[in-house]
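S.K.: what follows is a predicted protein model with its sequence.
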Amino acid sequence: EAMRTSHLGLLAEAMHGQARWSETASIFREVCRLQPRSSEGHANLGAALLETVRLQEASRAFRTALELHHGTAHDDNVVSRALRGLMLSESAATKRSKDEIS
């Protein structure tokens, strides 16, 4: 399972490098399924979902990443990315709502 997760991570990086966000999100969903306690997996899923403008799903993924924070230096970086992503997704959702009302 760890090897499969590692391979999925490499595949996701390749998809990310090609801006294939939908495929990247699908791969990170599988990573999160295999490692549900991975804050990094959820933060990466949130980032991919943000790129596909799936704002509510992105917010949920970022919130999960924050809930799973373990206090390590590596996790601090993940939390920083998750907080930025959460702010971006919520800001975009608010703007989208305002645009729909106008």
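M.R.: Cool, got the structure. Numbering: from 1, shown residues only.
S.K.: roughly how far is the strand or helix carrying Val78 from the heart of the chain?
M.R.: In this assignment (DSSP states H and E), Val78 forms part of helix 73-101. Offset of helix 73-101 from its chain centre (C-alpha atoms, centre = their mean, to the nearest Å): 10 Å.
S.K.: now for it, which elements pack on it?
M.R.: Contact partners of helix 73-101 among helices and strands, from 3 or more C-beta pairs under 8 Å, 6 or more residues apart in numbering; DSSP states H and E: helix 39-51, helix 55-67. (Each C-beta comes from the backbone N, C-alpha and C, glycine too.)
S.K.: which of the ones you listed is buried the deepest?
M.R.: Comparing the helices and strands packed on helix 73-101 by mean neighbour count (mean count of other C-beta atoms under 10 Å), helix 39-51 ranks first with a mean of 25.
S.K.: that one vs helix 73-101, what angle?
M.R.: Using axes from the mean of the first three to the mean of the last three C-alpha atoms, to 10 degrees, the inter-axis angle of helix 39-51 relative to helix 73-101 is 20 degrees.
S.K.: who touches Val79 in this structure?
M.R.: By C-beta atoms under 8 Å, 6 or more residues apart in numbering, the contact set of Val79 is 39, 43, 65-66, 69.
S.K.: roughly how far does it sit from Glu30?
M.R.: Note on Val79: its distance to Glu30, by C-beta to C-beta, to the nearest Å, is 23 Å.
S.K.: next: His69.
M.R.: 22 Å.
S.K.: in the chain, which ranges drop under the pLDDT threshold?
M.R.: Within the chain, the segments meeting pLDDT under 70 span 1-20, 72-76, 96, 102.
S.K.: could you check the angle helix 55-67 makes with whichever strand or helix holds Arg33?
M.R.: For Arg33, the element it lies in under DSSP H and E is helix 21-34. Counting by the same axes, to 10 degrees, helix 21-34 points 40 degrees away from the direction of helix 55-67.
S.K.: buried residues, helix 21-34. List them.
M.R.: 21, 24-32 (16 or more other C-beta atoms under 10 Å).
S.K.: can I get it in CSV, CA atoms only?
M.R.: This file holds the C-alpha atoms of helix 21-34, laid out as CSV (Å, rounded to 0.1, in the frame of the first residue of the first chain):
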residue,chain,number,x,y,z
TRP,A,21,-6.2,19.1,-12.6
SER,A,22,-9.1,16.7,-12.9
GLU,A,23,-6.8,13.7,-13.2
THR,A,24,-4.6,15.1,-10.4
ALA,A,25,-7.7,15.4,-8.1
SER,A,26,-8.7,11.9,-8.9
ILE,A,27,-5.3,10.6,-8.0
PHE,A,28,-5.1,12.5,-4.7
ARG,A,29,-8.6,11.2,-3.8
GLU,A,30,-7.1,7.7,-4.1
VAL,A,31,-4.1,8.8,-2.0
CYS,A,32,-6.5,10.1,0.7
ARG,A,33,-8.5,6.8,0.5
LEU,A,34,-5.3,4.8,1.1
